[in-house]
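Peer 1: heads up, no residue letters with this:
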DNA sequence: AGAATGCTTCGATGGAGACCTAACTATGCG
DNA sequence: CGCATAGTTAGGTCTCCATCGAAGCATTCT
């Protein structure tokens, strides 16, 4: 029997799949709301809330209340370092990813992330929008460029509406490890993709599958 | 829902108090038998055996059978680093130990971290080696300086051997919150300290206690 | 004020796993 | 061989906690 810092307590906090998923999502560095984290973890809102209060009590998270939103973030670099260390071990001893199934491949290409598009397609889209100066990017901040209004209104998206949520937000993509576009604009684009039937959502999955003509249309609008 | 390395699996292995105690005991660097670990963990032998097979299956331990004894040890430096990282967080957020006992004081000054020295002494040593340009440090990376070979060979340590493990590595010290020296060089230095009898290991603890003349010798060689 | 949204608390349920005793296998010793 | 020590396996109990639906606050929008 030993004493010393209670390492089991901390480790068991990370040891639950739902909480691990949440922490993983927060490794992107941006704080997320309880709903977003519930989606990431694949659990209901009450369950997520319970997990979050445990993580808070364990000192692994910080909380920033803004109006009716509650943004949870990692408590600090030390916590992030710990997650990295655990991830490193998991990667090393890991059950050597069996053959990635077809779903995994589709998920990698394009999937829904809360309310916007993620995956290779989404990362490529953000890159292209920035390269064309339609969006301006500075580290993790994304703003509208001068031609944004005209460009997006041409395809039926109004970026000048003043919603509560930020129009643009960077969201770290776990498969590509680079950012894609979130925020209301990201959500509006996903809406358009689905409304135009360029792609459909895989049932019971976050994967988004483009039809061949839909893919062409998407690339013509966003990747040219 | 995410995928990626199964961090929850690894963390939950550490997240059980009995297993955490076992891992903690193994942080001393010496392999222990199942009975010894059962004692450390405060559980019965069958329970310990069950835990050990889980840790083995999780890839956190190595096993060396010798006759009817089975010696369990940490699987490697990466696992040791993970435990240290978790310990650091637990220490930081932990239920602020009421009053540090005498043994805690000794642990703070100098202790074994898997195969190298940790604690105030170790942090001071790395600081000094960097200040003298014997080691070159850049963030978390540590390299040998130009005079390293001659300096260490003068005290009987060969730094030019090419092992698989890195010669130098930074390891975050949970008590001081700054880095100390790990890697094969860190291990060799600990070996020398014990071989020269500058210090002895506290029984059943990771603490390392310097004798007065030993402390002088150590400081002459590494802290001047 | 009333409706809508974001989140937490409550209460009940089910399943996972930590634990021990007892029985079994393996190695070493006289 | 027969006994002792080291360790694992089997079987069964019990506690903990992850989970969800429903209901309750809190904040903001209209």
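Peer 2: Great, that's in hand. Source: prediction; values computed, not measured.
Peer 1: So in chain A, where's the weakest helix or strand by average pLDDT?
Peer 2: Across the helices and strands of chain A, mean pLDDT, DSSP states H and E gives its lowest value to strand A:169-172, namely a mean of 62.
Peer 1: List the contacts of residue A:155.
Peer 2: Contacts for residue A:155 (CB atoms under 8 Å, 6 or more residues apart in numbering or on different chains) come out as A:192, A:221. (C-beta placed from N, C-alpha, C; glycine too.)
Peer 1: and it, what are its phi and psi?
Peer 2: phi -110, psi 20 (degrees, to the nearest 10).
Peer 1: what about it, distance to DNA strand D?
Peer 2: Distance, residue A:155 to DNA strand D, using CB to the nearest atom of the strand, to the nearest Å: 24 Å.
Peer 1: ok, now residue A:72?
Peer 2: Plainly put, residue A:72 is 15 Å away from DNA strand D if you go by CB to the nearest atom of the strand.
Peer 1: got the contact list for stretch A:49-57?
Peer 2: A:13, A:16, A:18-19, A:22-23, A:34, A:37-38, A:41, A:43, A:61, A:63, A:72.
Peer 1: So which of those residues sit within helices?
Peer 2: A:13, A:18-19, A:22-23, A:34, A:37-38, A:41 (DSSP state H).
Peer 1: out of the residues you listed, who's nearest residue B:48?
Peer 2: Nearest to residue B:48 among the ones in helices among the contacts of stretch A:49-57 is residue A:13, at 23.8 Å by CB to CB.
Peer 1: which residue sits closest to the closest one, ignoring its sequence neighbours?
Peer 2: residue A:58 (4.6 Å; CB to CB, 6 or more residues apart in numbering or on different chains).
Peer 1: Run a quick neighbour tally on the one you found.
Peer 2: 21 (other CB atoms under 10 Å in any protein chain shown).
Peer 1: Which parts of chain A are helices?
Peer 2: Using DSSP H, the helices of chain A run over A:7-14, A:17-26, A:34-41, A:45-57, A:77-93, A:102-109, A:120-131, A:148-154, A:183-195, A:212-218.
Peer 1: which stretch in the ones you listed is the model least sure about?
Peer 2: In terms of mean pLDDT, the lowest-scoring of the helices of chain A is helix A:102-109 (a mean of 67).
Peer 1: what domains does the record give for chain A?
Peer 2: Domains of chain A are assigned by automatic domain parsing as A:7-93, A:102-223.
Peer 1: Just checking the distance from the first one to the centre of its chain.
Peer 2: Distance of domain A:7-93 from its chain centroid, counting by CA atoms, centre = their mean, to the nearest Å, is 14 Å.
Peer 1: Endpoints of that domain, how far apart?
Peer 2: 21 Å (CA to CA, to the nearest Å).
Peer 1: That one and DNA strand C in contact?
Peer 2: Yes - for domain A:7-93, a contact with DNA strand C is found by CB under 7 Å from any atom of the strand, at A:33-36, A:45-46, A:48-50, A:52-53, A:68-70.
Peer 1: filter the residues you listed to the buried ones?
Peer 2: Among the residues of domain A:7-93 next to DNA strand C, those buried by neighbour count (16 or more other CB atoms under 10 Å in any protein chain shown) are A:33-34, A:36, A:48-49, A:52, A:70.
Peer 1: Could you save those as JSON lines and add columns showing distance to residue B:183?
Peer 2: Below are those laid out as JSON lines (distance: CB to CB, whole Å):
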{"residue": "A:33", "distance to residue B:183": "42"}
{"residue": "A:34", "distance to residue B:183": "42"}
{"residue": "A:36", "distance to residue B:183": "40"}
{"residue": "A:48", "distance to residue B:183": "41"}
{"residue": "A:49", "distance to residue B:183": "43"}
{"residue": "A:52", "distance to residue B:183": "38"}
{"residue": "A:70", "distance to residue B:183": "43"}
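Peer 1: between the helices of chain A, which one is nearest to residue B:131?
Peer 2: Across the helices of chain A (criterion: CB to CB), the nearest stretch is helix A:77-93, sitting at 24.6 Å.
Peer 1: returning to that earlier point: put together TSV for the helices of chain A, with distance to residue B:212 on each row.
Peer 2: Formatted as TSV, the helices of chain A follow (distance: least, CB to CB, whole Å):
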stretch	distance to residue B:212
helix A:7-14	33
helix A:17-26	46
helix A:34-41	55
helix A:45-57	45
helix A:77-93	35
helix A:102-109	62
helix A:120-131	61
helix A:148-154	72
helix A:183-195	64
helix A:212-218	75
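Peer 1: ok, residue A:90 to chain B distance?
Peer 2: Residue A:90 is 4 Å from chain B, where distance means CB to the nearest CB, to the nearest Å.
Peer 1: With residue A:158 instead?
Peer 2: 32 Å.
Peer 1: cool, and residue A:82?
Peer 2: From residue A:82 to chain B the distance is 4 Å (CB to the nearest CB).
Peer 1: and that residue, how many neighbours?
Peer 2: Neighbour tally, residue A:82, other CB under 10 Å: 27.
Peer 1: if I read this right, residue A:91 contacts residue B:5, doesn't it?
Peer 2: Yes - contact criterion CB atoms under 8 Å: residue A:91 and residue B:5 qualify, at 4.3 Å.
Peer 1: Settle it for me: which of those two has more neighbours?
Peer 2: A count of neighbours by other CB under 10 Å puts residue B:5 above the other of residue A:91 and residue B:5, at 19 against 16.
Peer 1: Test my guess that the more buried one contacts residue A:84.
Peer 2: No - in terms of CB under 8 Å, residue B:5 does not count as a neighbour of residue A:84; the distance is 11.0 Å.
Peer 1: Phi, psi for the closest residue to DNA strand D within chain A please.
Peer 2: Closest to DNA strand D within chain A is residue A:67: 2.8 Å, counting by CB to the nearest atom of the strand. Note on residue A:67: its backbone torsions stand at phi 60, psi -130 [degrees, to the nearest 10].
Peer 1: And the pLDDT for it?
Peer 2: On pLDDT, residue A:67 comes in at 71.
Peer 1: now residue A:219
Peer 2: 90.
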